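Novice: Okay, structure incoming, though there's no sequence with it:
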């Protein structure tokens, strides 16, 4: 992922971490409801692959010929066996923790999707073209990234737009990174709708309406109205 020094660097607030966040960009704890958290330094993004080595997401079957637990139909998640979202460089049924490789834990039954919303959100920050998101209370097992549609707005509604953007995950920083197009760099509101993905261990995640807003000083998660 390319990171460029944009002309908007001095338009956004300083990268201020709270709650003892580390220089590696570890997220701070989140709170329920509308949460306001100053931005912090991010880590290095992960792979840009889309759900697997072929670059295409899969929706049936299981690792090593064994079916995984099915997920109930909710938030657009199909009620059928779910295959892990790709294979880690650590190997099959393993994931990168940021400190090494670990064996995947057993999937719950049913394998219900974890919601990424304002109650699980802990931080956001826009670093040039990258929008960084942290969910301190959510356990990720190395999602390999993919693509998601993001809608953005600016305060004057002169730069509003929407695009499918690539996203990655950093096991070291435990953060998600979204590679925004140039048109979205000057926005102050970003919305992710209908986003679902699976990590390499087969755990499911979904965000039905996740909105992040910047008020000139801090970033906040805006609950759906």
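Specialist: Now that the structure is in, tell me what you want to look at. Every value quoted in this text rests on a predicted model; they were computed, and no experiment measured them. Numbers count the residues shown, from 1 in each chain.
Novice: What is the neighbour count of the residue nearest to residue 159 when sequence neighbours are not counted?
Specialist: Residue nearest to residue 159 in three dimensions, not counting chain neighbours: residue 186, with 5.6 Å by CB to CB, 6 or more residues apart in numbering. (C-beta placed from N, C-alpha, C; glycine too.) Using other CB atoms under 10 Å, the number of residues around residue 186 comes to 17.
Novice: what residue ranges in this structure are flagged as low confidence?
Specialist: 1-84 (pLDDT under 70).
Novice: again, 80 this time
Specialist: Within the chain, the stretches with pLDDT under 80 are 1-85, 225.
Novice: which residues of this protein fall in strands?
Specialist: Taking DSSP state E as the criterion, the chain carries its strands at 35-37, 94-96, 101-103, 114-115, 123-127, 130-134, 146-153, 161-170, 175-179, 189-198, 204-214, 219-222.
Novice: distance of residue 110 from residue 195?
Specialist: Counting by CB to CB, to the nearest Å, the gap from residue 110 to residue 195 is 20 Å.
Novice: Likewise for residue 170?
Specialist: In terms of CB to CB, residue 170 sits 18 Å off from residue 195.
Novice: The residue nearest to residue 144 when sequence neighbours are not counted: how many residues sit nearby?
Specialist: Of all residues not flanking residue 144 in the chain, residue 86 sits nearest, at 4.3 Å (CB to CB, 6+ apart). Using other CB under 10 Å, residue 86 has 23 neighbouring residues.
Novice: again with the one 10 residues further on
Specialist: Here the count is done by other CB under 10 Å, and residue 96 has 19 residues near it.
Novice: contacting residues for it?
Specialist: Taking CB atoms under 8 Å, 6 or more residues apart in numbering, we find residue 96 in contact with 88-90, 142, 171.
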